[in-house]
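1. coordinates only, sequence not included:
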């Protein structure tokens, strides 16, 4: 039902959406605290915010917090497939201008972005930079009125950095993606748990005693390796950076080249950000029964094309498991067609993970509302004090306490820096 | 479709059942090795085996192994709700006499047991002892021809021990349940992983940093505590046996009474085998947001009745999560209505776990086929050598190796025992 | 200075001994609680106790507790090399009859045992059974008056069991060695920490990233493997029992035969209770730089004779490290001549470990004082309730709490056992 | 024996020194590989190097490697108390110009530095910057001929940065201290193990089940916390930075303020780099029996003065343990007088840790020998490729392998960075 106030699949789904949003809220205590403060202080009064985000229960809580802060919020989807229609319906019922339907085609997708831009936004929130780029391309007339924007993802920040480098970025943008509280949760703890969750849901494998190969030992790989070990697996790490590889070895992991790892592994998980991590030469060496999963952003880490080409036959043996019979009779099992296993076979990041990055988002927007007018059109980190504030709130919600330094201790530390 | 050769829901489901059975087979290398040996040696030639088991993909692999060993197998369900109809159909197509329909009523359930007994079995396989008890009650005429039986569960062994104590047990029974390779896997590793799996599927909670209370520190509780810690949680153990409690404390867990634990926990998992572990007085002290799950066999560990009675209101917020609003506004979340969370919200034990106990089953039956006639009608442990054989085969399948002692070492050990 | 009241190396060492005993007392809260109770109740009033124990600070606390319980204590050494002369001096000054000098010869050793027997003891305490055996051989005249005895070690219990089997045991003996609180601490936690401690003190090796081979996966081996992993090592387990080997594999350890392990290990620790675990064929395969340590009771686990014979040369490179140059130039390093590394290179079990077994000892003696007269001359376990009491006291001292079952829960459990 | 070629305590100690140096060499495979390369390529031919370092077995291996690379090495101590006289004697015998005596007074200390400067060095190696500063103050005449220098420590780099800022730095210096392979090992893995080692040697405490408070969650604190947990302790973290505190909480540690931690801790370890971490208000709350140790660089983290002032009495109860009786009778135990526990009570960093930083040193000097003339007088990081080379060599020595990217993968990564 498309109207000028919104376009959602079925407004009748609002009650179901409400349940979902409320459950997520229970896992998002930091955003909740920020919401209460926004509601009290109303720093966004009179501002219009155009958001292009995955329309999920977690996003709904961000959007409602911004609304309570005084903003008029317009929301479209950052990916046509991730929209939860019931959540969209609920937000519409709550007075948010929502333009998002699960499975919308590309044309609709962009028309929805344009509907949001038609709000003449003061602030923008983006996840992948499609809205920001569209604004810069098609609506140069309104760039001048935008106080600032935020960006949630690595990919989006990459795109915006190129725009900054080329001198075309029209207003200041906060790279929420790069702030420690966002990275720490998303990558190490979020991906760590959800990748294993996806693996287990897809296969019901017992991990105790299994040899699990984790390719990539960045923050994500570290998280996956920790969780696999925590579930009783013997973990083999494959890593091209020698310093990271050394840290893995010193942490008690076995560190092997991908070819050697291919011979000993029973489960393979890729989190490198690179392509072709496991390819023909690896498939030829893997043991029958090997399971392959990708937890990296793009579905290029496992060379599915090569697997398909080499295999004698293939068939789906569980909803998320495809079996490939190799010419010599060995059987390899690919999960979720090589796509991100934590999204495809599980539910992606827990709400507790989004709690931090969306609290970061809300604080970034409040900061831009106040300071944006005076900032040059560049990429900014989230001010460190805001990042620390989010960490502090999360700790409080966990019942943990940060140590407060005494004046003597503060002085000692600074004199150290100054070099007495 | 009930005929004299079987009664399954839909024979047309056989192809789907086949896929399921084959996937499970890939996770059951020990049973596979035993199957190959049985097929070669045919020690069950000419014997009829009546099996009362959960009709699942794992059971199918046991049944087919027995068939390849020469037996004629008759199969009924040990629980009306656990039957996988496609597996039943596939087994029927493979020539097994199957009497099992998902959701069959109690009358049908017992008529199916009677159909199996009509085979005049030489051996029985049981899971809970319903078939064995029915045979003893209703078919005393055929007891004399039974060489022996096996029993898979604690509950079943309990019932049979009472029969043994009362002198009514009519033939020898192997308590497969009690053998180390069964207990080790089922309890510590199987329940450990699957209880956490159920918790995460039901809630999508992030466990890192959460305070998880595990009530009970037997083999199951140990497994759950290890896995919760492995997922980054702070684990609190509640245990009534002081020696177990001490072991938990020495293992780095926080050990508290259930009342104190109620105040600090965020997630509560019961695995005690006792009732009312968390009850009114605990619900009154728990923090808002607390999540309660049971991983013990019966649904008595969390006092759901008291929760329902005390709560101001309740509603379902996710398929497996019920929210209870307490009179003071706190919200408590109960998973799977207090039933076994690993079965209700996940898929129960991985096939790799059943691999061991079903290999134990097959070896027990082979042993009874050979030795049963000469055994008194008592409960027997699985002969230690067979248990060790299963462990050895599992290790081989994992690429691990058992050390072989030299003759000098064997002599040294025995002389030690003999006391030189 | 030998007198009729005692024989110690130097009475002037008493003040130093006192410090040592008091420091140990701080780590022995359970024994301290028992001591307070004994002092209050005086259940040993008028009894003479002959103790044959390692004369250490921990033993001193046991002996003083018995004295406060009313007993007259006579003490000799259970090993000529383990006596701490300052502790012996302090105990003598405190009125204990002490016969122990570090480094005494065998003749003196036995004369000291005879001095203790001359007390005409009512109770005996033994560590290895030398006093008990001597009493049975040489003083059959006084067997009749002995109420009972206790034995601390596996070796001693073995000897006494043979005496029991041959019908020569003259009075009841409690096998303190076998009780759970003794085994749990001594083996898993005590040996676990102290073996690694000895290894590090001897070598100053960094364990992070090292491949450590642990031969033996009993309680001791389990403890050593846990601690090695906890220090960042990759742990390889060698084990001849398939069920234990399987548990190791499922716990995430790599399980290999000793020959394969020899090729990959960097550090080797034996805790098997067997001989020749690493021998010529292993030394031939080990990498240059390999370190060998024994944490088993006897110095037979590493075949030091073969190492000496095969090596081209050897020299001491650190106080506890001997380097062997093999014919092909590889260098192997043997710690503490293959003797128990935690005693030879570190300080043996922490006092906290002895706290439990000596509290067990004290409670066993109190029990024998009351019940001994009515007991047949056999080996007895420590009554379970006493073992649980010790566990309970330890938990209290750690600030942990045992759960107390409700009457309803007790009834549920017993009805379960009874089989309703 | 002071001559123009050197000044050591006793040349006769050379054989003992040799043993020590050779044992350390076995733990320093990376430096060994670098030494072989230096010996082959002789890049330091004709250069004089003045080194001011702790004169230990590990340093000896660096110095000998430089000598084999063609350099003439002059060595003085960077701390009068850390000189191993036997090592000094051995190096002198090997033709190194050594000026170092354990316990030398300040005057001698500086005269030794001047002796080294009299060599008219081409390169300098420093640990704390005393030699570099002396050179800049007293020998401005020779600054011009120095190609470059290196600095091993944080403190030294701080001093040099101030010189750089003031424009007085006379030649380029590589901050070896700041390179990843140095920090990773020294801080997390080196301090992690050695702090616990010192604690155990000093006290023989059993850590399993103990509550250990770690104050500071930087790299050092992380290492200490990991090792304490690995030894079975329950770990409480105190941290003033909220992002670090959050990471600790998400890693499963309990995070408390220092005051709350004081109430629950049994062992306290400080690694903050700050002063007065535990002070009067904490001592008042600690339980009797609490043990305090410092693993931070300076002895200011525990307020020993306050402890001494508040205590009713104190005495030494073990060589490294001082007992303080508080007015209310509680007893607190201070290790090593609050000085760095891993150096005072154990042997400091294992040789394996120094292997990396000294390989970094050698490569830095080779680089400066080649490039130094063309560099501005500033502080330089170790070129990343050299740091990676050291990591690679260490991995090789551990039998681990770094993954080698394919040309396609390299292109994919760079195109990602470039933004296609």
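-> Good, I have the coordinates. It should be emphasised that the depicted structure is a prediction, and the values quoted were computed from it without experimental measurement. Numbering: from 1, shown residues only, chains lettered A, B, ... in the order given.
2. CA atoms for contacts and neighbours, from now on please.
-> Noted.
3. residues touching residue A:300, list them.
-> By Cα atoms under 8 Å, 6 or more residues apart in numbering or on different chains, the contact list for residue A:300 reads A:274-276, A:338.
4. give me the three-state assignment for it.
-> coil (DSSP: H, G, I helix; E, B strand; the rest coil).
5. phi, psi of it?
-> Main-chain torsions, residue A:300, degrees, to the nearest 10: phi -110, psi 0.
6. need the pLDDT of it.
-> We have a pLDDT of 92 for residue A:300.
7. now do the one 3 residues further on
-> You'll see residue A:303 listed with a pLDDT of 98.
8. hang on, it packs against residue A:281?
-> No: with contact defined as Cα atoms under 8 Å, residue A:303 does not reach residue A:281; the gap is 10.5 Å.
9. kindly report the residues of the stretch 1-150 of chain A close to chain B.
-> Contact residues, the stretch 1-150 of chain A versus chain B (Cα under 8 Å from any Cα of the partner chain): A:19-20, A:23, A:26-27.
10. tell me which of the residues you listed is nearest to chain B?
-> Nearest to chain B out of the residues of the stretch 1-150 of chain A next to chain B is residue A:19 (Cα to the nearest Cα; 5.8 Å).
11. before we move on, what SS does the closest one have?
-> Put simply, residue A:19 is helix when judged by three-state DSSP.
12. how many other residues sit next to it?
-> 19 (other Cα atoms under 10 Å in any protein chain shown).
13. wait, what's in contact with it?
-> Taking Cα under 8 Å, 6+ apart, we find residue A:19 in contact with residue B:317.
14. quick one: buried residues of the lengthiest helix in chain A?
-> Counting residues, the longest helix found in chain A (DSSP state H) is helix A:351-371. Across helix A:351-371, burial judged by 16 or more other Cα atoms under 10 Å in any protein chain shown covers A:351-369.
15. distance to chain C, secondary structure and neighbour count for the contacts of residue A:300 - can I get that in a markdown table?
-> Listed next are the contacts of residue A:300 as a markdown table, based on distance: Cα to the nearest Cα, whole Å; DSSP: H, G, I helix; E, B strand; the rest coil; neighbours: other Cα atoms under 10 Å in any protein chain shown:
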| residue | distance to chain C | secondary structure | neighbour count |
| --- | --- | --- | --- |
| A:274 | 27 | coil | 24 |
| A:275 | 29 | coil | 22 |
| A:276 | 29 | coil | 20 |
| A:338 | 27 | helix | 23 |
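16. picking that back up, give me the buried entries from the residues of the stretch 1-150 of chain A next to chain B.
-> Buried among the residues of the stretch 1-150 of chain A next to chain B by 16+ other Cα under 10 Å: A:19-20, A:23, A:27.
17. out of the residues you listed, flag the one nearest to chain D.
-> Ranked by distance to chain D (Cα to the nearest Cα), these are led by residue A:27 at 14.7 Å.
18. distance check, that closest one against residue B:290.
-> 11 Å (Cα to Cα, to the nearest Å).
19. how about residue A:267?
-> Remark: distance between residue A:267 and residue B:290 (Cα to Cα) = 34 Å.
20. what number of residues lie near residue A:279?
-> Around residue A:279 there are 18 residues (other Cα under 10 Å).
21. now it. Its backbone dihedrals?
-> According to degrees, to the nearest 10, residue A:279 has phi -140, psi -170.
22. list the contacts for it?
-> A:302-304, A:306-307.
23. ok, now with 10 Å
-> A:258-259, A:301-307 (Cα atoms under 10 Å, 6 or more residues apart in numbering or on different chains).
24. show me which of those residues is closest to chain D.
-> Using Cα to the nearest Cα, residue A:258 comes nearest to chain D of those, at 6.4 Å.
25. the closest one: how many residues sit nearby?
-> Using other Cα under 10 Å, residue A:258 has 27 other residues around it.
26. separation between residue A:144 and residue A:48?
-> Residue A:144 is 14 Å from residue A:48, by Cα to Cα.
27. compare those two (neighbour count), which wins?
-> Neighbour comparison, residue A:144 and residue A:48: the larger count goes to residue A:48, with 22 against 12 (by other Cα under 10 Å).
28. if I look at that one, how far off is chain B?
-> 32 Å (Cα to the nearest Cα, to the nearest Å).
29. list the contacts of residue A:261.
-> A:211-215, A:236-238, A:254-255, A:268, A:282, A:285-286.
30. just name whatever secondary elements the host helix or strand of residue A:322 is in contact with.
-> Counting by DSSP states H and E, the element that carries residue A:322 is strand A:321-325. With contacts taken as 3 or more Cα pairs under 10 Å, 6 or more residues apart in numbering or on different chains; DSSP states H and E, strand A:321-325 sits against helix A:192-203, strand A:291-294, helix A:304-310, strand A:313-318, strand A:331-335.
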